[in-house]
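Q: Give me a model of this one.
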Amino acid sequence: MNKPYLTRNKAAEYLNNQGIPYSPKTLQKLASLGGGPRYVLFGNKALYTKEDLDVWITEKLVEPGSAA
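A: Numbers count the residues shown, from 1 in each chain. Predicted coordinates for the structure are as follows:
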C-alpha cells in the first residue's frame, strides 16, 4: 500500500495546521541533529508521512505540570 509522502515544506505546513509551529529549516536542523520526526529519503529529498508526524507530535506533548 502506498503512503502519501509530504515534502519538508508540506510537513511544516501540516505541523503548523495542527498548532505546532515548525518551519522547514527547523525540520532540516532536527534531521541533522536528531530529535525530529521520522523521515525517509528519496534521492536527496526528505519525505514525511502524516502518521509519522502525528506520532512525533504525540511523543513531544507533555501534560501541564509534569516533568519534561
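
Q: could you pull out the strands for the protein?
A: Using DSSP state E, the strands of the chain run over 40-42, 45-47.

Q: Now render those strands as JSON lines, adding mean neighbour count, distance to residue 4 and mean pLDDT.
A: C-betas here are computed from N, CA, C, even on glycine. Shown next, in JSON lines, are those (neighbours: other CB atoms under 10 Å; distance: least, CB to CB, whole Å; pLDDT from 0 to 100):
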{"stretch": "strand 40-42", "mean neighbour count": "10", "distance to residue 4": "13", "mean pLDDT": "96"}
{"stretch": "strand 45-47", "mean neighbour count": "16", "distance to residue 4": "10", "mean pLDDT": "96"}
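
Q: Export these to JSON lines and append columns for distance to residue 59.
A: Putting these into JSON lines (distance: least, CB to CB, whole Å) gives the following:
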{"stretch": "strand 40-42", "distance to residue 59": "18"}
{"stretch": "strand 45-47", "distance to residue 59": "19"}
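
Q: Which one of these lies nearest to residue 11?
A: Proximity to residue 11 (CB to CB) singles out strand 45-47 among these, at 8.1 Å.
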